[in-house]
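Participant: Here is my input, please return the structure:
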Amino acid sequence: MAIWKRPIDLDTLNRTSENTLISHLNIVYSDIGDDYICATMPVCHFTHQPLGMLHGGASVVLAETLGSVAANFAVDDDCYCVGLDINANHIRSMRTGTVTGKASPIHLGVSTQVWQINLNDERDRLVCSSRLTIAVKQKRNQQHAIKGLQA
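Facilitator: A predicted model of the protein is given here:
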């Protein structure tokens with residue numbers, strides 16, 4: 001059974017990434033399943049650190065991108081999700097190629113979510129293991145928010 005509460009497709013995800021850090025790093029959503037989202041990112045000069053290896057920060061950008069997007073599609077329209085905490089264990093270095101991330105839920109609660117995001121190389125070896133904790137927030141009714149300011 002799918003966990004998605006809103007329609008989700010690769011074209012929409014990739015189109016909404018235009019002119020963001022996601023597009024700057026050439027992150028491309030590549031697969032959506034009933035309970036996961038995948039994306040790829042090149043390992044090249046703009047994702048390298050000075051020693052010529054995949055930058056840990058680039059790995060974290062891919063992980064947080066996947067977890068945050070997934071979280072926002074796993075809540076009702078009256079909610080939105082923001083990251084609270086992310087950690088990443090960098091297991092294996094990469095100098096070239098493509099890294100693929102897969103975000104899967106560990107916990108989908110009313111006020112928090114926890115996502116596991118694994119990044120693998122082309123030989124399916126673990127490069128980075130990340131865990132993202134998400135806050136689930138209630139959207140405010142704009143009229144209610146404005147009235148509250150006037151009081």
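Participant: And what about the residue nearest to the spatial centre of the chain, helix, strand or coil?
Facilitator: The centroid of the chain falls nearest to Leu66 when counting by C-alpha atoms, centre = their mean (1.8 Å). Of the three states, Leu66 takes helix under DSSP: H, G, I helix; E, B strand; the rest coil.
Participant: Would you mind measuring from the residue lying closest to it once chain neighbours are set aside to Arg140?
Facilitator: Nearest residue to Leu66, sequence neighbours excluded (C-beta to C-beta, 6 or more residues apart in numbering): Ala103, at 3.8 Å. To be clear about C-beta, it is placed using only N, CA and C from the backbone, and glycine gets the same treatment. Note on Ala103: its distance to Arg140, by C-beta to C-beta, to the nearest Å, is 27 Å.
Participant: Have a look at these two and say which one is more surrounded.
Facilitator: Ala103 (25 against 11; other C-beta atoms under 10 Å).
Participant: tell me the SS of that one?
Facilitator: Per three-state DSSP, Ala103 ends up strand.
Participant: correct me, but it touches Leu119?
Facilitator: No: the criterion here is C-beta atoms under 8 Å, and Ala103 misses it with Leu119 at 10.2 Å.
Participant: So for those two, which residues contact both of them?
Facilitator: Ala63 (C-beta atoms under 8 Å, 6 or more residues apart in numbering).
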